[in-house]
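A.B. asks: Mind folding the following:
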Amino acid sequence: MLGSIVEGLVGSGKDPQTPAAVISRGTRPEQRVVLAPLPEVAEAARELEPPALVVVGEVVRLAGYASLDAAQMLRSLSVA
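C.D. replies: Numbering: from 1, shown residues only. Take a look at the predicted model:
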């Protein structure tokens, strides 16, 4: 199913380098997260168990900040 969603997005013009994430069993101790470029995310996530949430877009690049508190996050962001 995820593969067909990815095909539809890329086929409709979504940049193949768009970052994507699949979060399985979110907020639970057994949570697992897979990060990959859009065309690779279905294969990377094939062993994850439902329920899962799929996130597509530049916001995925912020995934590394999830474990930081707000002050750490603000200090680590660069301002252009």
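A.B. asks: Tell me which residues of stretch 23-35 come out buried.
C.D. replies: Taking 16 or more other Cβ atoms under 10 Å as the basis for neighbour counts, the residues of stretch 23-35 that come out buried are 23-25, 33-35. Where C-beta positions appear, they are placed from N, C-alpha and C, glycine not excepted.
A.B. asks: what does stretch 46-57 give?
C.D. replies: When burial is assessed from 16+ other Cβ under 10 Å, stretch 46-57 yields the following buried residues: 48, 52, 54, 56.
A.B. asks: center of this protein - which residue?
C.D. replies: For the chain, the residue sitting closest to the mean C-alpha position, by Cα atoms, centre = their mean, is residue 21 at 1.6 Å.
A.B. asks: Show me where this protein dips below the pLDDT cut-off.
C.D. replies: Within the chain, the stretches falling below the threshold (pLDDT under 70) are 64-80.
A.B. asks: switch to 90 and redo it
C.D. replies: In the predicted model of the chain, residues 1, 26-31, 33, 49-50, 61-80 satisfy pLDDT under 90.
A.B. asks: Identify the residues contacting stretch 53-61?
C.D. replies: The set of residues that contact stretch 53-61 without belonging to it, under Cβ atoms under 8 Å, 6 or more residues apart in numbering, is 2, 5, 9, 14, 18-23, 26, 35, 38, 41.
A.B. asks: host element of residue 23?
C.D. replies: Using DSSP states H and E, residue 23 sits in strand 19-24.
A.B. asks: Mind listing the strands that strand pairs with, and their directions?
C.D. replies: When sheet partners are counted by DSSP bridges, strand 19-24 sits next to strand 32-37 (antiparallel), strand 52-56 (antiparallel).
A.B. asks: and the shortest one, how far out from the chain's middle?
C.D. replies: This points to strand 52-56. When distances are taken as Cα atoms, centre = their mean, to the nearest Å, strand 52-56 is centred 6 Å away from the chain's centroid.
A.B. asks: was I right about the residue nearest to the centre of the chain contacting residue 37?
C.D. replies: No - counting by Cβ atoms under 8 Å, residue 21 sits too far from residue 37 to count as a contact (10.9 Å).
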